[in-house]
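A.B. asks: Fold the following and give me the result.
(one chain, ligands or ions: 2)
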Amino acid sequence: MDIHEYQAKEILSGFGVQTPVGGLAYSPEQAAYRAREIGGGKWVVKAQVHTGGRGKAGGVKICANEHDVFDAANDLFGRRLVTHQTGPDGKIVYRVYVEGATSIDRELYLGFVLDRSSERIMVVASAEGGMDIEEIAQTKPESIIRTTIEPAVGMRDFQAREIAFSLGIDAAHVQEAVTNIKGCYRAFRDLDATMVEINPLVVTTDGAILALDAKMSFDDNALFRRPDIAELRDKSQEDPRESNAMDRGLSYVGLDGEIGCIVNGAGLAMATMDMIRLAGGNPANFLDIGGGASPERVAKAFRLVRSDDKVQAILVNIFAGINRCDWVAEGIVQALEANPIDVPVIVRLAGTHVEAGRKILAKSGLPIIRAASLSEAAGRAVGAWQKSQEQDVGLEVSA
Ligand code: ADP
Ligand code: MG
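C.D. replies: Residues are numbered from 1 along each chain as shown. Ligands and ions are numbered 1, 2, ... in the order given. Below is the predicted model:
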């Protein structure tokens with residue numbers, strides 16, 4: 001789960017990381033009021049959307065008076081900010097953050113990620129921070145410093161000092177940098193984060209060290225024990241299909257194809273998507289209903305898959321191990337009786353009590369296309385989708 005910059009800054013300042021004074025606004029009036037509250041003569045108005053690259057997309061505006069702050073906020077609210085990270089749909093701005101403008105001497109990069117190969121937290125730092133870090137990583141990889149943290153002892157002071165020195169921070173400010181670096185590390189570890197990124201961490205013209213931007217992501221599987229973090233979720237920034245699924249306890253990933261998939265288990269979902277591709281179609285999603293497939297759960301899954309207009313056929317592929325095919329079949333029948341689906345539904349069942357399951361489907365009288373194997377099911381799903389396309393074309397021609 002991602003959070004907003006202002007939320008990350010609030011969390012990190014609790015761990016001793018220095019950030020500029022700022023305030024959140026939901027309207028241009030409130031933004032101007034925040035500027036007055038902060039004081040000083042220069043402010044930055046920043047779109048709060050779950051993406052980086054806002055500066056280059058016009059989502060960070062420097063303002064010299066309250067009027068400018070009002071206008072900048074007015075321009076940002078409701079705007080769909082498209083950055084190099086959002087994809088063409090962009091993210092809509094519903095909140096802006098107003099901050100005192102800092103006079104910057106140098107922009108540095110400081111990131112904390114989980115390095116899967118060493119199974120450790122890795123600190124990534126560069127003296128060449130700011131908006132072009134992706135480019136620097138490509139063109140000047142040698143300017144990037146990497147340090148892994150031994151989990152049993154945590155980050156040691158000498159490691160933070162080494163990072164500070166390699167960022168070119170002068171001796172008088174190294175201790176301040178160490179406090180910032182260690183603060184980020186502790187926030188990462190104590191809150192089950194998967195990423196903390198400060199870009200830029202700046203040295204101000206007075207020599208102070210400040211986090212001007214902050215991004216944090218958290219491990220979804222640990223949110224149950226971090227209710228304060230879970231509360232920071234902003235659904236307006238998520239794919240609505242995925243947040244609907246999460247609310248219903250289903251794991252769902254939206255894709256671009258036409259064939260909806262309802263599957264139990266992630267491995268089976270991958271295999272199903274491969275088979276659909278092999279048969280000449282494209283999956284519209286990855287929906288894993290998990291171990292239990294009660295009628296309510298199956299019904300929810302159907303509703304969710306069907307709520308995507310692109311879906312032209314639904315393939316249900318269940319391999320019952322602990323589960324039972326007759327229960328799943330019962331679930332499918334009840335779900336379809338209560339909420340008929342207007343696209344072809346193809347069902348393949350295998351595993352425990354499969355015969356009983358097939359009988360239930362056959363007896364139901366519902367227009368379910370049954371398949372004995374996964375390849376047959378994928379072929380039938382793709383066939384049903386292609387047929388619906390031909391019918392559409394036929395209608396257009398005859399009209
Ligand atoms: P993003 O990474 O999404 O582009 P940032 O918060 O990093 O957004 O802002 C982009 C740039 O705007 C920064 O690299 C910095 O130069 C400038 N900036 C951001 N916040 C401030 C601030 N409080 N004072 C002065 N400049 C700022
Ligand atoms: Mg940034």
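
A.B. asks: which stretches of the stretch 51-200 of the chain form strands?
C.D. replies: Taking DSSP state E, counting those that start in this stretch, the strands of the stretch 51-200 of the chain run over residues 60-63, 80-81, 91-92, 96-100, 104-115, 120-126, 144-149, 193-204.

A.B. asks: and those, which is most packed in?
C.D. replies: Neighbour counts (mean count of other CB atoms under 10 Å) averaged over each of the strands of the stretch 51-200 of the chain peak at strand 96-100, with a mean of 24. Every residue, glycine included, has its C-beta placed from N, CA and C.

A.B. asks: could you dump the strands of the stretch 51-200 of the chain to CSV with mean pLDDT?
C.D. replies: As requested, these are arranged in CSV below (pLDDT from 0 to 100):
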stretch, mean pLDDT
strand 60-63, 97
strand 80-81, 94
strand 91-92, 94
strand 96-100, 97
strand 104-115, 96
strand 120-126, 96
strand 144-149, 95
strand 193-204, 97
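
A.B. asks: okay, these in a markdown table with distance to ligand 1 next?
C.D. replies: Shown next, in a markdown table, are those (distance: least, CB to the nearest ligand atom, whole Å):
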| stretch | distance to ligand 1 |
| --- | --- |
| strand 60-63 | 4 |
| strand 80-81 | 9 |
| strand 91-92 | 11 |
| strand 96-100 | 4 |
| strand 104-115 | 6 |
| strand 120-126 | 13 |
| strand 144-149 | 17 |
| strand 193-204 | 5 |
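
A.B. asks: quick one, which of those strands is nearest to ligand 2?
C.D. replies: Closest approach to ligand 2 among the strands of the stretch 51-200 of the chain is made by strand 193-204 (4.2 Å; CB to the ion).

A.B. asks: Tell me which residues are up against the closest one.
C.D. replies: When contacts are defined by CB atoms under 8 Å, 6 or more residues apart in numbering, strand 193-204 is touched by residues 8, 12, 17, 52, 102-114, 129-130, 133, 169, 173, 180, 184, 187-188, 209-219.

A.B. asks: Okay, and Val316 sits in which element?
C.D. replies: Per DSSP states H and E: Val316 is located in strand 313-320.

A.B. asks: in its sheet, what does that strand sit against?
C.D. replies: With DSSP bridges as the test, strand 313-320 is paired with strand 259-263 (parallel), strand 345-351 (parallel).

A.B. asks: Could you export the shortest one as PDB, CA atoms only?
C.D. replies: When you say that, I think you mean strand 259-263. This file holds the C-alpha atoms of strand 259-263, laid out as PDB (Å, rounded to 0.1, in the frame of the first residue of the first chain):
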ATOM      1  CA  ILE A 259     -11.600 -13.000 -20.700                       C
ATOM      2  CA  GLY A 260     -12.300 -12.800 -17.000                       C
ATOM      3  CA  CYS A 261     -10.700 -15.500 -14.800                       C
ATOM      4  CA  ILE A 262     -12.000 -16.800 -11.500                       C
ATOM      5  CA  VAL A 263      -9.500 -19.200 -10.000                       C
END
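
A.B. asks: Okay, now the unreliable bits of this protein?
C.D. replies: Where the chain drops to pLDDT under 70, the residues are 292-293, 392-399.

A.B. asks: Which residue does it have closest to ligand 2?
C.D. replies: Closest residue of the chain to ligand 2, CB to the ion: Asp213 (3.5 Å).

A.B. asks: Let's have the strands paired with strand 313-320 in JSON lines, adding mean neighbour count and distance to Ala271.
C.D. replies: JSON lines is the format used below for the strands paired with strand 313-320 (neighbours: other CB atoms under 10 Å; distance: least, CB to CB, whole Å):
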{"stretch": "strand 259-263", "mean neighbour count": "28", "distance to Ala271": "9"}
{"stretch": "strand 345-351", "mean neighbour count": "23", "distance to Ala271": "11"}
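
A.B. asks: Reformat those as TSV; add distance to Lys140.
C.D. replies: Below are the strands paired with strand 313-320 laid out as TSV (distance: least, CB to CB, whole Å):
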stretch	distance to Lys140
strand 259-263	43
strand 345-351	52
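
A.B. asks: Using CSV, lay out those together with distance to ligand 1.
C.D. replies: What follows is the strands paired with strand 313-320, written out as CSV (distance: least, CB to the nearest ligand atom, whole Å):
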stretch, distance to ligand 1
strand 259-263, 35
strand 345-351, 44
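
A.B. asks: Same list, those strands, but as TSV with distance to ligand 2 please.
C.D. replies: Output for the strands paired with strand 313-320, formatted as TSV (distance: least, CB to the ion, whole Å):
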stretch	distance to ligand 2
strand 259-263	37
strand 345-351	46
